[in-house]
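[1] Give the three-dimensional model of this entry:
(2 chains)
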Amino acid sequence: MKTREKIIEALLKISALVTVLTTIGIILVLSIQSFSFFQEVSILDFVTDTEWTPLFAQKHFGILPLLSGTLIVTFIAIGFALPVGLSIAIYLNEFAPKKFKAIVKPVLELLAAVPTVVYGFFALTVVTPFLQNFYPDLGGFNALSAGLVMGIMIIPFISSLSEDALSAVPKSLREAAYGMGSTRFQTAFKVTVPAASSGIVVSVILAISRAIGETMIVAIAAGQQPRLTLDPTVPIETITAYIVQVSLGDVPHGSIEYKTIFAAGITLFIFTFILNNISFYIKKKYQEKYE
Amino acid sequence: MGANNNRLKDKIFQYWGMTCTIMGLVLLAVFIGNIIVEGIGRIDWAFLTNLPSRRPGKAGIYTAMMGSVWILFLTASIAFPLGVASAIYLEEYGTKSRLNNILEINISNLAGVPSIIYGLLGLEVFVRIFGLGGSVLAGAMTLSLLILPIIIVATREAIKAVPKSIKEASFAMGATKWQTIWNQILPSSFGGILTGVILALSRAVGEAAPLIVVGALAYVPFAPSTPMDEFTVMPIQIFNWVSRPQHGFSVNASAAIIVLLAITFLMNGIAVYFRNKWQKKVKW
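    This is a model prediction of the structure:
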């Protein structure tokens, strides 16, 4: 009996360690390939060169164009999803009837369950042609449509997680505000939103991290032309879309082109790693504030 | 004056919040409606059973659908036992230990790693080092690692919800730790675990990026018949059709999206059903 229990515990422990091996694997794979990449390309060129053309005869390895592409799409997505998602969270929490909230919240969460290729199709075939009605110079591939559609995708991350945080604010605080004669608007913006701010910030950081790592929407709708620009109307390329582009082609293992996807990958990983740790830190630090 | 002003602000925000919420719902409706209008006419038996083709009118989603079924089946068989076992360990064994703390931080970090990074991991480890090539098995192993954090988190929540009294009663009857887990804790938390697993699998069915990196092909002439065969999945087939200029392929993409969305929403529906049923049945 004793030995059986011990064996089972050991097996369970091994399963739990798979997650640790995954992390170690990710870090090792990205570091080893990137290390070998940086023996051929100087890090200084990587972070300062303004062109990214590893697949051309005249090779340049500047990550900045991919980074600017990633950031501009993320910026548009968050710029759209943050005000809308937060308004929805506050509305559902403070204004809407309970029944309405019980139905609407899970329906909105469906937006996050839709596969991202589907959003890419939507951005390319519906949103871009629609925007071209107002702005005919808009490219067939552009950061604007991809960013807006990505914003739609991440609305539920912000609205649902922020609403959870708002709901967790103790009732007494809200009732005290109403007792003082506050309107719902004042209660929301002066009491519940500040009290739930750490949860809201965490939800926004998670949304940003999700937007930076999102792949298929940008691979379909934003184009495959790395360029250092802040213009959202022209085709660009993000880090993730570049990795897809190379993976679809026939790049031999061990070549410099093959290594570029790991160098691009480690850049992406560092960004999301920092964001995830900030949100983890905020969650740990503030989670028991009102308990 | 001040009071009126405040009431006005309150009303304005109410309408603004309502507008945002309705806009979200309308966007979802427009988006689904638009795809249905374009693609529904294209779905017939031949579309579901035809092999891929250069001509949009003859192309079908059979290979992609079978690829997705293979991926779903293999991913479930790898990730389900592994995820549930990890969650049991975290919740019932090394609690409060240093290792547990590390595991916890690690899992929350993994949940935030972009899916394409898992693709890079799978490409080096499963495809090259393990020598699996661009096979269904390599793809399923990659996706298993991707959804493992989701399954672990959901399983832990479900196990946590089982009241202590049940556990203590079992121990008092002389049951060992594992007997308690196997006979008491797992059966009473099974609904919650199942919900988490189905939601995680519905995420796996929609993934394209990590599989493209691992080497799933856009064009595969036949459906896989063993785990070592090359494959494609529905999201990659859709991606491939979307990238082509002919209108016929765009219609095909819409039709395939309808099938994919039906599968995804069905899985989400089943998960919600299990969650509700489980919450209702189990009243402590």
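[2] B:Thr63: what secondary structure?
    Secondary structure assignment for B:Thr63 (DSSP: H, G, I helix; E, B strand; the rest coil): helix.
[3] Identify the residues contacting it.
    B:51-52, B:220-223, B:231-232, B:237 (CB atoms under 8 Å, 6 or more residues apart in numbering or on different chains). From N, CA and C alone the C-beta is placed, and that goes for glycine too.
[4] Okay, it and B:Asn240: tell me how far apart.
    Noted for B:Thr63: a distance of 11 Å to B:Asn240, by CB to CB, to the nearest Å.
[5] those helices in the chain, which residues are they?
    No chain specified, so I'll use chain A. A:2-38, A:43-48, A:64-90, A:98-113, A:116-122, A:128-134, A:143-167, A:171-179, A:184-186, A:193-195, A:197-213, A:216-221, A:239-248, A:256-286 (DSSP state H).
[6] that answer is for a different chain, and I need it for chain B
    Along chain B, counting by DSSP H, helices occupy B:2-39, B:45-49, B:62-92, B:98-110, B:115-122, B:136-160, B:164-172, B:177-180, B:186-206, B:209-214, B:234-242, B:247-281.
[7] In PDB, could you pull the C-alpha coordinates for the fifth one?
    What follows is helix B:115-122, C-alpha atoms only, in PDB (Å, rounded to 0.1, in the frame of the first residue of the first chain):
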ATOM      1  CA  SER B 115       1.100  30.300 -29.200                       C
ATOM      2  CA  ILE B 116       3.600  30.800 -31.900                       C
ATOM      3  CA  ILE B 117       6.500  30.400 -29.400                       C
ATOM      4  CA  TYR B 118       5.100  27.000 -28.600                       C
ATOM      5  CA  GLY B 119       5.400  26.300 -32.300                       C
ATOM      6  CA  LEU B 120       9.100  27.200 -32.200                       C
ATOM      7  CA  LEU B 121       9.600  24.900 -29.200                       C
ATOM      8  CA  GLY B 122       7.800  22.000 -31.100                       C
END
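[8] which non-adjacent residue is nearest residue 107?
    Looking at chain A here, since you left the chain open. B:Leu25 (6.5 Å; CB to CB, 6 or more residues apart in numbering or on different chains).
[9] oops, I was thinking of chain B
    B:Pro149 (5.0 Å).
[10] B:Ala79 too?
    B:Ser144 (4.0 Å).
[11] of all of the stretch 51-200 of chain B, which residue lies closest to chain A?
    Chain A sits closest to B:Pro114 of the stretch 51-200 of chain B, with a gap of 2.5 Å, by CB to the nearest CB.
[12] can you put the helices of chain B in TSV and add distance to A:Ser34 and mean pLDDT?
    Putting the helices of chain B into TSV (distance: least, CB to CB, whole Å; pLDDT from 0 to 100) gives the following:
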stretch	distance to A:Ser34	mean pLDDT
helix B:2-39	38	89
helix B:45-49	43	89
helix B:62-92	28	94
helix B:98-110	19	87
helix B:115-122	11	96
helix B:136-160	20	94
helix B:164-172	47	91
helix B:177-180	44	92
helix B:186-206	28	91
helix B:209-214	16	95
helix B:234-242	27	93
helix B:247-281	34	87
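[13] lowest-confidence helix or strand of chain A?
    Taking mean pLDDT, DSSP states H and E as the measure, chain A has helix A:98-113 as its least confident helix or strand, at a mean of 88.
[14] Give me the local confidence score for A:Tyr290.
    Note on A:Tyr290: pLDDT of 55.
[15] B:Ala111 now?
    B:Ala111 is given a pLDDT of 88.
[16] ok, B:Met267 - contacts?
    Per CB under 8 Å, 6+ apart, neighbours of B:Met267: B:198-199, B:201-202, B:205.
[17] and the residues you listed, which are buried?
    B:198-199, B:201-202, B:205 (16 or more other CB atoms under 10 Å in any protein chain shown).
[18] on that earlier part again, and of the helices of chain A, who's closest to B:Leu211?
    Nearest of the helices of chain A to B:Leu211, taken as CB to CB: helix A:239-248 at 9.5 Å.
[19] Distance from that closest one to the middle of the chain?
    17 Å (CA atoms, centre = their mean, to the nearest Å).
[20] What helices and strands are in contact with that helix?
    Packing contacts for helix A:239-248, counted by 3 or more CB pairs under 8 Å, 6 or more residues apart in numbering or on different chains; DSSP states H and E, involve helix A:64-90, helix A:216-221, helix A:256-286, helix B:115-122, helix B:209-214.
[21] Among the ones you listed, show me which one is buried the most.
    The highest average neighbour count among the helices and strands packed on helix A:239-248, using mean count of other CB atoms under 10 Å in any protein chain shown, belongs to helix A:216-221 at a mean of 30.
[22] by contact count, what packs against the least confident helix or strand of chain A?
    Applying 3+ CB pairs under 8 Å, 6+ apart, we find helix A:98-113 packed against helix A:143-167, helix B:2-39, helix B:186-206, helix B:247-281.
[23] Kindly provide the distance from the spatially most central residue of chain B to A:Met153.
    Nearest to the mean C-alpha position of chain B, counting by CA atoms, centre = their mean, stands B:Arg203 at 2.0 Å. B:Arg203 sits 13 Å away from A:Met153, taking CB to CB as the criterion.
[24] close enough to count as contact, A:Gln225 and A:Ala241?
    No - between A:Gln225 and A:Ala241 there is no contact under CB atoms under 8 Å: 10.0 Å.
[25] if we can go back for a sec, let me know how buried the residue nearest to B:Ile107 is, in neighbour terms.
    22 (other CB atoms under 10 Å in any protein chain shown).
[26] who's in contact with it?
    A:19, B:107-108, B:110-111.
[27] Save these as CSV, and put in distance to B:Gly192 and neighbour count too.
    As requested, the contacts of B:Pro149 are exported to CSV (distance: CB to CB, whole Å; neighbours: other CB atoms under 10 Å in any protein chain shown):
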residue, distance to B:Gly192, neighbour count
A:Thr19, 20, 24
B:Ile107, 17, 23
B:Ser108, 19, 17
B:Leu110, 21, 22
B:Ala111, 18, 16
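[28] and of the residues you listed, the nearest to A:Phe262?
    Nearest to A:Phe262 among the contacts of B:Pro149, with distances taken as CB to CB, is B:Leu110, at 18.5 Å.
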